[in-house]
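Colleague: test case, fold it:
(3 chains)
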Amino acid sequence: MNAPVIMWFRQDLRLSDHPALHAAAAAGPVIPVFILDDETPGEWRWGGASRWWLHHSLAALGKDVPLVLRRGRPEAVLAALLRKTQASALYFTRDYAPWSGKLEQRVKDACDAAGAACHRYGGFLLHEPESVRTGAGDYFKVYTPFSRVCFGKGEPRAAKGTVSATWATHGLERRSLDNLRLLPTQPNWATGFGPVWQPGEAGAKARLVRFLEDGLKGYAEGRDRTDLAHTSQLSAHLHWGEISPYQVWQATRQAMEAAGGVLDRDGEKFLKEVLWREFAYHLVHHVPNFPEQPFRPEFAAFPWRPDDKALARWQRGETGYPIVDAGMRELWATGIMHNRVRMITASFLIKHLLQPWQAGERWFWDTLVDADIGNNAASWQWVAGCGADASPYFRIFNPVLQGEKFDPRGDYVKRWVPELRDVPAEMIHRPWEMTLPPKSYPPPMVDHARARARALAAFAALKTGESP
DNA sequence: TGAAATGTTGGGGCG
DNA sequence: ACGCCCCAACATTTC
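Modeller: Numbers count the residues shown, from 1 in each chain, chains lettered A, B, ... in the order given. Model (predicted):
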């Protein structure tokens, strides 16, 4: 019998269209390993909502394969497992977090020391960061030309089916998933997550099918409507690799073809969103400290006004602006927030409250089930105006107008802010203008016009280098 | 993947 | 009949 190989699962918790796993399965009996690593990422260790998801995703994967669960530094854990099992090789999918390059090198060194081959594969992205370059050979700093090059590369490879592997553990102790302590205890804030999500590969595929059948038609406009269900909801599944971007891309193309052109506009729009994810990772890969430091260095001098009380009101959804509070409460209750509302709430924190974007980034990191080092950092930098191809500083969302435009009847607000349930639609986004506003709902914590003027002044000062 | 201020135009009321 | 004003409605500029 062949010597076993170790499949080190990371953010690739699936059995289909999995380059590393297909290669491992062809090489010998596969020992599936997952390692909870809270040390290497430091402050970016998985947040609470991510851990909830990870627990259930591992549980799902563990039903199909005899997962060996460990915690610790991967290079140390894998060195021990390689020695114990006499595995001939290690297989894994590469990752693009800022610390991953060095981590993967240490893992490679551990393999060398153990006399095992080390095989690293792509699969998390459609295009490896090294493979998308400007004419000058640099990485892209603007999305549109980046996406043009991606589309111009032709269709990504076809997705592969489910792997057929011989699973093995070679006597390794399995250990219970509960030992990883990924689920919240007292209080269990995740009670609202279960009904919304089905972590794992089956859930991911079901979500994709449902989106292509029900959400794609009308996506181009509907995606911005907070009261409609036109978003794919695939972000967390993609983040944990329960489905690959190739599978998403291919299925979308097939749905477009089957519809005979009717879905072309909607489909292209959706594929562009998939490419925003790619773009985010290209930035993270090429720019050190991207999650912490503003991409545009002049923003280091921005006159933020750190204020824990203001931050807490935003976090709890008590700002007095209905669309903002609805979003923050949806996030807390379900671990997700509608994309449009992410922009509105982020803009509010940064521009109305002048809180540093990193504070919002941290909160999202802890509370989003799709918290993702690339998307999260790139999106916050985008809203703050300090990122690559960022939103210009003067683009300040008006929460009233955004609410009226993207939640015209107030359905979304009423779902998450029950205090406003009886407010008529024409006042739902400006309840403070009612003769008798609901007493249980707070008045706006800042006046929009004044906050806007203050933000413009602060950003203008940054631009000219003067003090505000 | 904004919003607000400012500018322009044209129809209609009205003296 | 005509010019003036008002002000939507739309366009452009500015932040």
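
Colleague: which bits of chain A sit near DNA strand B?
Modeller: A:143, A:224, A:273, A:276, A:339-340, A:343, A:391, A:394-398, A:401-402, A:405, A:448-449, A:452 (C-beta under 7 Å from any atom of the strand). Any C-beta I mention is one placed from the backbone N, CA and C, and that applies to glycine too.

Colleague: what sits against A:Glu201?
Modeller: By C-beta atoms under 8 Å, 6 or more residues apart in numbering, the contact set of A:Glu201 is A:Leu13, A:Arg14, A:Leu15, A:Ser16, A:Ala60, A:Leu61, A:Glu242, A:Ile243.

Colleague: A:Ala204 is in contact with the fifth one, correct?
Modeller: Read that as A:Ala60. No: counting by C-beta atoms under 8 Å, A:Ala60 does not reach A:Ala204; the two are 9.5 Å apart.

Colleague: quick one: whichever residue of the stretch 201-350 of chain A sits closest to DNA strand B from DNA strand C, how far?
Modeller: Closest residue of the stretch 201-350 of chain A to DNA strand B, C-beta to the nearest atom of the strand: A:Trp276 (4.9 Å). Distance check for A:Trp276 against DNA strand C: by C-beta to the nearest atom of the strand, to the nearest Å, it reads 23 Å.

Colleague: can you show me the helices along the stretch 251-400 of chain A?
Modeller: Taking DSSP state H, counting those that start in this stretch as the criterion, the stretch 251-400 of chain A carries its helices at A:264-286, A:308-316, A:322-334, A:339-347, A:357-367, A:373-384, A:399-406.

Colleague: need the ones you listed in TSV (columns: mean pLDDT).
Modeller: Formatted as TSV, the helices of the stretch 251-400 of chain A follow (pLDDT from 0 to 100):
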stretch	mean pLDDT
helix A:264-286	97
helix A:308-316	98
helix A:322-334	98
helix A:339-347	97
helix A:357-367	98
helix A:373-384	96
helix A:399-406	96
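
Colleague: dump these to CSV, plus mean neighbour count and distance to A:Val33.
Modeller: Below are those laid out as CSV (neighbours: other C-beta atoms under 10 Å; distance: least, C-beta to C-beta, whole Å):
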stretch, mean neighbour count, distance to A:Val33
helix A:264-286, 20, 24
helix A:308-316, 15, 36
helix A:322-334, 25, 31
helix A:339-347, 23, 34
helix A:357-367, 21, 25
helix A:373-384, 25, 22
helix A:399-406, 19, 44
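
Colleague: could the ones you listed go into TSV alongside distance to A:Glu128?
Modeller: Shown next, in TSV, are the helices of the stretch 251-400 of chain A (distance: least, C-beta to C-beta, whole Å):
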stretch	distance to A:Glu128
helix A:264-286	9
helix A:308-316	37
helix A:322-334	32
helix A:339-347	26
helix A:357-367	25
helix A:373-384	14
helix A:399-406	36
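
Colleague: highest neighbour count among the contacts of A:Glu201?
Modeller: For the contacts of A:Glu201, the largest number of neighbours (other C-beta atoms under 10 Å) sits with A:Glu242, at 29 neighbours.

Colleague: is that one in a helix, a strand, or coil?
Modeller: Following DSSP: H, G, I helix; E, B strand; the rest coil, we place A:Glu242 in the coil state.

Colleague: how near is it to A:Lys160?
Modeller: 15 Å (C-beta to C-beta, to the nearest Å).

Colleague: one more: A:Arg223?
Modeller: 29 Å.

Colleague: show me which of those two is the more surrounded one.
Modeller: The neighbour count for A:Arg223 versus A:Lys160, taken as other C-beta under 10 Å, is higher for A:Arg223 (21 against 15).

Colleague: need the contact list for the closest residue to A:Trp314 other than its chain neighbours.
Modeller: Leaving out its chain neighbours, the residue that sits closest to A:Trp314 by C-beta to C-beta, 6 or more residues apart in numbering is A:Leu349, at 5.2 Å. Residues near A:Leu349 by C-beta under 8 Å, 6+ apart: A:Leu311, A:Trp314, A:Gln355, A:Trp357, A:Ala359, A:Gly360.

Colleague: point out where chain A drops to low pLDDT.
Modeller: Within chain A, the segments meeting pLDDT under 70 span A:1, A:463-468.

Colleague: please parse chain A into its domains.
Modeller: Using automatic domain parsing, the domains assigned to chain A come out as A:5-123, A:125-157+A:202-286, A:297-462.

Colleague: of those domains, which is nearest A:Gly194?
Modeller: domain A:5-123 (8.6 Å; C-beta to C-beta).

Colleague: number of residues surrounding whichever residue of the stretch 51-200 of chain A sits closest to DNA strand C?
Modeller: Distances between the stretch 51-200 of chain A and DNA strand C by C-beta to the nearest atom of the strand are smallest at A:Val142, namely 18.1 Å. Per other C-beta under 10 Å, the neighbour tally for A:Val142 reads 11.

Colleague: next: A:Ala258.
Modeller: 10.

Colleague: repeat that for A:Gln11.
Modeller: 18.

Colleague: tell me the SS of it?
Modeller: coil.

Colleague: DNA strand C next: which of the contacts of A:Leu349 are close?
Modeller: Filtered for proximity to DNA strand C (C-beta under 7 Å from any atom of the strand), those leave an empty set.

Colleague: helix, strand or coil for A:Phe92?
Modeller: When classified by three-state DSSP, A:Phe92 comes out as strand.
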